[in-house]
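Student: let me see the structure of the following:
(one chain, ligands or ions: 2)
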Amino acid sequence: MAANNPERLPEPQHPQAFYMKEVAKLMADRRRGAVPMALVHTYGCQQNAADSEKIKGMLAQMGFSFTDDRERADLILFNTCAVRGHAENRVFGNVGALKELKRRHPSLVVSVCGCMMEEKQASERIRRKFPFVSLVFGTHVLHRFPELLWAALAENRRVFERGDEQEDARIVEGLPTRRGGKTRAWLTVMYGCDNFCSYCIVPYVRGRERSRQPEAVLEEFRGLVADGYKDVTLLGQNVNSYGRKLGRPVNFSGLLRMLDAVDGDYRLRFMTSHPKDATHELIDTMAAGRHISRHLHLPVQSGSNRVLKAMNRGYTREKYLALVEYARKKIPDLSLTSDIIVGFPGETYEEFRETVSLIRQVGYTSLFTFVYSPREGTRAAQLPDPVPAAEKSAWLQELCAEQEKIAASRCAGEVGRTHRVLVEGRSPKSGLLTGRTDGNVIVNFPGRDETVGRFADVKITSARDWILDGELV
Ligand code: 5AD
Ligand code: SF4
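Tutor: Ligands and ions are numbered 1, 2, ... in the order given. Just a heads-up that it's a prediction; the model follows:
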């Protein structure tokens with residue numbers, strides 16, 4: 001590719017600066033000076049949302065503005081998720097639906113990127129089924145987006161790029177970021193995952209675990225606080241193993257303390273914590289923190305020891321519950337949330353009921369619940385899976401009904417209490433202000449627009465299932 005041509009070597013200050021300028025020129029020619037428009041469609045987790053903010057940052061530097069209207073777009077990009085089959089099918093459906101638009105707008109550039117595009121079969125399927133897609137790239141080569149877009153435009157060819165071992169191991173700092181919100185921000189502290197839970201595709205599509213240097217995280221964090229962000233979520237597939245490979249005496253608790261020491265009016269969250277690596281030190285750090293939310297997302301996945309073992313989770317139900325007990329002792333008002341998989345291959349109804357009993361015992365604020373989805377290449381996908389899909393769906397319903405009861409009783413217990421709420425905006429339906437408590441529970445209350453983007457003390461007056469209503473104190 002052009003990067004090997006010495007005359008075209010990118011400028012040293014930013015490896016992609018050359019391509020960004022070239023794309024800007026090409027697009028200006030194509031659009032005869034009008035501002036080119038991009039539509040970025042994001043699927044999946046917060047990490048993907050954070051990646052899309054970088055893609056948008058690079059697009060903005062290349063002169064693009066953004067639109068939600070596909071008729072106005074010069075570039076449509078899908079940032080995809082590979083975690084479950086359902087999300088993948090939606091991508092194929094939504095990409096396929098652009099065929100007609102592309103026929104009417106032949107200059108439209110359609111691009112598909114993200115986790116799914118690190119899977120060979122998925123990217124091959126895009127290549128075969130959708131000849132109008134001109135740029136496909138995986139998560140490992142995200143930092144080379146300008147160069148790849150340039151190749152697709154200037155050389156007028158289809159570009160397909162996935163990571164290799166070397167790229168897999170790298171962290172590229174300094175990519176521009178165009179953040180979606182003004183009050184809440186994502187901050188990636190580490191990439192990849194080494195845990196290989198037997199059902200999960202993530203280690204295959206996001207590669208080996210690697211941490212950013214603490215100085216780089218701190219600098220970005222200071223910038224966010226200075227820019228007025230009030231709620232910063234540190235991101236990683238397993239933040240508790242942060243720093244392990246840095247070869248320096250720093251762990252996640254140390255990083256949290258370092259960030260928490262930054263002065264300012266903000267709240268610090270993190271996700272995801274793997275229970276096998278969540279330590280008492282982490283809980284103690286949360287308890288002692290000045291800005292650290294009393295909220296812990298601690299995905300348990302299952303309440304059955306046999307299933308946990310088959311999932312390769314590295315903890316037992318008892319160990320998980322002991323950690324929860326310690327955390328509740330140190331932080332009595334702690335809000336716990338979790339991810340649950342229902343219908344793992346070979347799971348029996350009795351084993352599923354152990355999950356129900358666990359969620360009752362813990363009393364989660366909320367849950368993300370999923371029916372198991374087989375992912376090609378993972379170990380679980382090879383296991384016998386006799387329970388029919390309809391039965392698994394019924395189990396999921398049963399679990400959700402139980403969680404609704406738990407959440408409703410937790411919320412009812414909030415009435416009369418006062419919470420510090422970060423006000424995020426106005427609900428279009430009710431016209432009320434809406435915000436989140438420290439424990440990440442949504443609260444609606446009447447108030448003035450000036451409150452938006454700030455913290456306010458709100459007294460809870462009533463609870464409807466898992467949503468709270470309140471009034472300003
Ligand atoms: N099927 C269903 N759910 C899955 N998750 C990860 N892989 C799968 C799968 N194959 C869920 C887990 C994880 C969350 C992000 O997605 O609960 O914590
Ligand atoms: Fe997947 Fe397990 Fe890694 Fe989470 S910790 S990304 S579930 S392999």
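Student: ok, and what's touching the strand or helix carrying residue 253?
Tutor: Of the helices and strands defined by DSSP states H and E, residue 253 is found in helix 252-260. Residues external to helix 252-260 that are found in contact with it (CB atoms under 8 Å, 6 or more residues apart in numbering): 189, 214, 217-218, 221, 234, 239-243, 268, 270, 279, 281-282, 284-286, 289-292. (Each C-beta comes from the backbone N, C-alpha and C, glycine too.)
Student: quick one: contacts for residue 351?
Tutor: 302, 304, 306, 307.
Student: what about it, which helix or strand?
Tutor: Under DSSP H and E, the secondary-structure element containing residue 351 is helix 349-362.
Student: got it, and residue 232?
Tutor: When elements are defined using DSSP H and E, residue 232 is found to belong to strand 231-235.
Student: that strand versus helix 252-260: what angle between them?
Tutor: Computed with axes from the mean of the first three to the mean of the last three CA atoms, to 10 degrees, the direction of strand 231-235 lies at 150 degrees from that of helix 252-260.
Student: strand 231-235: partners in the sheet, and parallel or antiparallel?
Tutor: strand 184-188 (parallel), strand 267-271 (parallel) (DSSP bridges).
Student: would CSV of these with mean neighbour count and mean pLDDT be doable?
Tutor: Converted to CSV, these look like this (neighbours: other CB atoms under 10 Å; pLDDT from 0 to 100):
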stretch, mean neighbour count, mean pLDDT
strand 184-188, 21, 95
strand 267-271, 22, 97
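Student: out of these, the one nearest ligand 1 is which?
Tutor: Of all these, strand 267-271 sits nearest to ligand 1, with 9.7 Å by CB to the nearest ligand atom.
Student: the closest one close to ligand 1?
Tutor: No. Between strand 267-271 and ligand 1, judged by CB under 6 Å from any ligand atom, nothing touches; the nearest distance is 9.7 Å.
Student: now stretch 221-241
Tutor: No. Using CB under 6 Å from any ligand atom, we find that stretch 221-241 stays clear of ligand 1, coming within 8.6 Å at best.
Student: what do you get for stretch 327-342?
Tutor: Yes. Under the criterion of CB under 6 Å from any ligand atom, stretch 327-342 makes contact with ligand 1 via 339, 341.
Student: quick one: name the residues of the stretch 301-450 of the chain near ligand 2.
Tutor: So far as CB under 6 Å from any ligand atom goes, the stretch 301-450 of the chain does not lie against ligand 2 anywhere.
Student: tell me where the stretch 301-450 of the chain has helices.
Tutor: Taking DSSP state H, counting those that start in this stretch as the criterion, the stretch 301-450 of the chain contains helices spanning 305-310, 317-330, 349-362, 389-412.
Student: picking that back up, in strands, which of the contacts of helix 252-260 appear?
Tutor: Mapping the contacts of helix 252-260 onto strands (DSSP state E) picks out 234, 268, 270.
Student: also near ligand 2: which of these, exactly?
Tutor: Checked against ligand 2 using CB under 6 Å from any ligand atom, these give no members in range.
Student: which of these sits closest to residue 384?
Tutor: The shortest distance between residue 384 and any of those, using CB to CB, involves residue 270 and amounts to 37.0 Å.
Student: list the contacts for that closest one?
Tutor: Residue 270 neighbours (CB under 8 Å, 6+ apart): 189, 233, 234, 235, 236, 239, 252, 256.
Student: now residue 439
Tutor: Contacts were defined as CB under 8 Å, 6+ apart; by that measure residue 439 touches 293, 294, 295, 333, 334, 335, 365.
Student: any chance of those residues in CSV, plus neighbour count?
Tutor: CSV is the format used below for the contacts of residue 439 (neighbours: other CB atoms under 10 Å):
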residue, neighbour count
293, 20
294, 20
295, 24
333, 12
334, 21
335, 20
365, 23
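Student: would you map out the domains in this protein?
Tutor: 17-168, 184-410, 418-472 (automatic domain parsing).
Student: residue 177 is nearest to which of the ones you listed?
Tutor: Closest to residue 177 of the domains of the chain, according to CB to CB: domain 17-168, at 4.3 Å.
Student: in stretch 445-462, what counts as buried?
Tutor: 445, 447, 451, 452, 453, 455, 456, 458, 459, 460 (16 or more other CB atoms under 10 Å).
Student: who in the stretch 351-473 of the chain is up against ligand 1?
Tutor: Residues of the stretch 351-473 of the chain found near ligand 1 (CB under 6 Å from any ligand atom) are 370, 372, 373, 375.
Student: between the residues you listed, which is nearest ligand 2?
Tutor: In terms of CB to the nearest ligand atom, no member of those lies closer to ligand 2 than residue 375, at 9.9 Å.
Student: quick check: the closest one touching residue 82?
Tutor: Yes. Distance between residue 375 and residue 82: 7.3 Å, which falls inside the contact criterion (CB atoms under 8 Å).
Student: those two: who's more crowded?
Tutor: Remark: of residue 375 and residue 82, residue 82 carries more neighbours, 27 against 22, as counted by other CB atoms under 10 Å.
Student: for the closest residue to residue 264 other than its chain neighbours, give its distance to ligand 1.
Tutor: With CB to CB, 6 or more residues apart in numbering as the criterion, residue 264 has its nearest non-adjacent residue at 4.2 Å, and that residue is residue 225. Taking CB to the nearest ligand atom, to the nearest Å as the criterion, residue 225 is separated from ligand 1 by 28 Å.
Student: would you check that residue 297 makes contact with residue 275?
Tutor: No. Judged on CB under 8 Å, residue 297 makes no contact with residue 275 at a distance of 10.6 Å.
Student: which one is residue 406 nearest to, not counting chain neighbours?
Tutor: Excluding its sequence neighbours, the residue lying closest to residue 406 (CB to CB, 6+ apart) is residue 363, at 5.7 Å.
Student: any idea what residue 210 is bridged to?
Tutor: In this structure, residue 210 has beta-bridge partners residue 191, where bridges are defined by DSSP bridges.
Student: just the pLDDT at it, thanks.
Tutor: For residue 210, the model assigns a pLDDT of 94.
Student: next up, the contacts around it.
Tutor: Contact analysis of residue 210 by CB under 8 Å, 6+ apart lists 169, 170, 171, 190, 191, 192, 245.
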